[in-house]
Structure formats: structure tokens, C-alpha cells
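**Q** Got a predicted structure here, sequence first:
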Amino acid sequence: MLSKVLAAAPAGLTAHLAEFNEYSRHALNSYVHSGIHPLRRVREGFPVEMAMNLIRISNGLMHMAYRMLANLMGSQRRMDKVTHLYKQFTDCCPMAPSGEASAKS
């Protein structure tokens, strides 16, 4: 299902989903199905890089949700504002599709 969404939807709206799929889906699947991942996190803790990636991906998913909401509202002004905010906070968001968040405005 995700591959069809990635093929059909604009890259600006799907980049966060693709990154989420690449870095988080397997670990979350482990949590849902009582796998080894939650046990390792309890025993070993969260590596800083992993925690930072989780925060970035969470921020990216929220950004995507706001963009979808603005799109559903039909508000170009809100879409522009959300895009501008993403550009301001690229350091705490997942990597942007090429050209979307190139330089801070």
C-alpha cells in the first residue's frame, strides 16, 4: 500500500512516510508484537542518535499531517506557512525532498 502512495502522491507529502518506513517501521513492529526491540531499549537504553532520529521523524510526520490539513482546507496561505516553518526548523526535522528545504529563509 505504501509503495502505491509513494508512487502517486507528491514527494513533498510522502518523503516523511518513506523515511518513517525506512527507519522506524521494523522497530515499531517489534513493539506491537512484543519483540526484542523493547527489551533491548529497557536493558541498553536509547542511543542518542536513535532518540534524535525518533524526534525528527515524529516532527516530520506532524509536518505532513499539518500540510494535509492545510491542503484539505484549500488554504494556500497555510500551506506556505507550514512550508516556511519546515524550512526554519530543518535541524529538527527529517531530511527534506531535494529543493524543498534548501536554505533557511
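**A** Looks like it came in fine.

**Q** any idea which element the residue nearest the centre of the chain lies in?
**A** The geometric centre of the chain, computed from its C-alpha atoms, lies nearest to G60 (Cα atoms, centre = their mean), at 3.1 Å. Per DSSP states H and E, G60 falls inside helix 48-73.

**Q** Helix 48-73 and the helix or strand just after that helix, what's the angle between them?
**A** Next in sequence after helix 48-73, counting helices and strands by DSSP H and E, comes helix 76-88. Per axes from the mean of the first three to the mean of the last three Cα atoms, to 10 degrees, the angle that helix 76-88 makes with helix 48-73 is 170 degrees.

**Q** Helix 76-88: which residues count as buried?
**A** With burial defined by 16 or more other Cβ atoms under 10 Å, the residues of helix 76-88 counted as buried are 79, 82-83, 86-87. Where C-beta positions appear, they are placed from N, C-alpha and C, glycine not excepted.

**Q** what's that helix packed up against?
**A** Here helix 76-88 touches helix 48-73, going by 3 or more Cβ pairs under 8 Å, 6 or more residues apart in numbering; DSSP states H and E.

**Q** mean confidence score for the helix it packs on?
**A** Across helix 48-73, the average pLDDT comes to 84.

**Q** Show me what stretch 51-65 is in contact with.
**A** For stretch 51-65, the surrounding residues in contact (Cβ atoms under 8 Å, 6 or more residues apart in numbering) are 13, 15-17, 19-20, 23-24, 46, 82, 85-86, 89, 92-94.

**Q** list the buried ones in the lowest-mean-pLDDT helix or strand in the chain?
**A** The weakest-scoring helix or strand in the chain, judged by mean pLDDT, DSSP states H and E, is helix 25-32 (a mean of 72). Judged by neighbour count (16+ other Cβ under 10 Å), helix 25-32 contains these buried residues: 27, 30.
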